[in-house]
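[1] Requesting a structural model of the entry that follows:
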Amino acid sequence: MIALLAALSASAAGGMRIALPLLLIGLLRIDKLWSEIPLLSRLHPQVAIAILVSWSLLELFASKTFTGQRMLQIVQIIFSPIVGAIMGVAIAKVSSIDEIVAHPWMLWIIGVVGGLLALVLQLVQAGWFYRLRGLPLWVIFVQDALCIALVLFAFDAPRQGGLIAMLLLWLAIRSSKEWYCWYRSQGIPGGLGNPRQGKRDPD
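    Predicted coordinates:
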């Protein structure tokens, strides 16, 4: 159970940023770097560091502008499920070695759940981005802080990190309903349930 909460915490971080959580998990285990992380373990450590540091800096700075947010949204929607799955599997390996050895199929379940969690969080962020015409700057800073905190919690406080991840999922589901109601309200009354017919503010 603790391993699952830790994996959820790490996967939720993958729903906020792509390179930053992968960079942090490697730096927190500097003795092994990314040797236990799927895909990254195939890269030379110096190459992995160069790629992750460069992309992390791009995420941190580009996300503070509207154009940068729009560019990052596309990339993050595509890669967030992959990063979420990688983060979940990596933390599960670190947290529950004995259980994984006894039940290796658990990694597949954790990977799928982690990838779906990261994708849901990212899709809801994308929805609010288009509704608000760009996320406010304070929200971006909160995302950066949450991403870092969730990775740290995955190692040091998996219960709290897992609870935060589930709270984020609950908020994402609630906010997605609000976003969908707003989307449908853009259509003119009597539009036969078609939210795109006669929209006052078309996409």
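[2] Let me know how buried Trp55 is, in neighbour terms.
    Applying other C-beta atoms under 10 Å, we find 20 other residues in the vicinity of Trp55. Every residue, glycine included, has its C-beta placed from N, CA and C.
[3] Which secondary structure elements does the helix or strand harbouring it sit against?
    If you go by DSSP states H and E, Trp55 is part of helix 45-62. On a contact count with 3 or more C-beta pairs under 8 Å, 6 or more residues apart in numbering; DSSP states H and E, helix 45-62 meets helix 19-28, helix 66-95.
[4] Any buried residues in the last one, and which?
    Think helix 66-95. Buried positions in helix 66-95, judged by neighbour count with 16 or more other C-beta atoms under 10 Å: 68-69, 72-73, 76, 79-95.
[5] What's the local residue count around Ile51?
    15.
[6] ok, residues contacting stretch 8-16?
    Residues outside stretch 8-16 that contact it (C-beta atoms under 8 Å, 6 or more residues apart in numbering): 20-21, 24-25, 80, 83-88, 90-91, 113-115, 117-122, 125, 143-144, 146-148, 150-151, 153-154, 158, 161-162, 164-166, 168-169.
[7] and those, which are buried?
    With burial judged by 16+ other C-beta under 10 Å, the buried subset of these is 20-21, 24-25, 80, 83-88, 90-91, 113-115, 117-122, 125, 143-144, 146-148, 150-151, 153-154, 158, 161-162, 164-165, 168-169.
[8] before we move on, back to that, give me the buried positions along the helix holding Trp55.
    Ala48, Ile49, Leu52, Trp55, Ser56, Leu58, Glu59.
[9] Could you pull up the residues touching the nearest residue to the last one once chain neighbours are set aside?
    This points to Glu59. Among residues not flanking Glu59 along the chain, Arg17 sits closest, at 5.2 Å (C-beta to C-beta, 6 or more residues apart in numbering). Taking C-beta under 8 Å, 6+ apart, we find Arg17 in contact with Ser56, Glu59, Gln76, Gln143, Asp144, Cys147.
[10] In terms of helices and strands, where is the fourth one?
    Element membership for Gln143, per DSSP H and E: helix 137-156.
[11] which helices and strands does that helix pack with?
    Secondary-structure packing of helix 137-156 (3+ C-beta pairs under 8 Å, 6+ apart): helix 2-14, helix 19-28, helix 66-95, helix 158-185.
[12] try 10 Å this time
    helix 2-14, helix 19-28, helix 45-62, helix 66-95, helix 105-132, helix 158-185 (3 or more C-beta pairs under 10 Å, 6 or more residues apart in numbering; DSSP states H and E).
[13] Dump the C-alpha coordinates for that helix into PDB.
    Only the C-alpha atoms of helix 137-156 are listed here, as PDB (Å, rounded to 0.1, in the frame of the first residue of the first chain):
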ATOM      1  CA  LEU A 137       1.600  33.000 -13.300                       C
ATOM      2  CA  TRP A 138       0.800  32.000  -9.700                       C
ATOM      3  CA  VAL A 139      -0.700  28.700 -10.900                       C
ATOM      4  CA  ILE A 140       2.500  28.000 -12.800                       C
ATOM      5  CA  PHE A 141       4.600  28.500  -9.700                       C
ATOM      6  CA  VAL A 142       2.200  26.300  -7.700                       C
ATOM      7  CA  GLN A 143       2.700  23.600 -10.400                       C
ATOM      8  CA  ASP A 144       6.500  23.800 -10.100                       C
ATOM      9  CA  ALA A 145       6.300  23.600  -6.300                       C
ATOM     10  CA  LEU A 146       3.900  20.700  -6.300                       C
ATOM     11  CA  CYS A 147       6.000  18.800  -8.800                       C
ATOM     12  CA  ILE A 148       9.100  19.100  -6.600                       C
ATOM     13  CA  ALA A 149       7.100  18.400  -3.400                       C
ATOM     14  CA  LEU A 150       5.400  15.300  -4.800                       C
ATOM     15  CA  VAL A 151       8.800  13.700  -5.800                       C
ATOM     16  CA  LEU A 152      10.200  14.400  -2.400                       C
ATOM     17  CA  PHE A 153       7.100  13.000  -0.700                       C
ATOM     18  CA  ALA A 154       7.400   9.900  -2.800                       C
ATOM     19  CA  PHE A 155      10.700   9.100  -1.100                       C
ATOM     20  CA  ASP A 156      10.300  10.500   2.400                       C
END
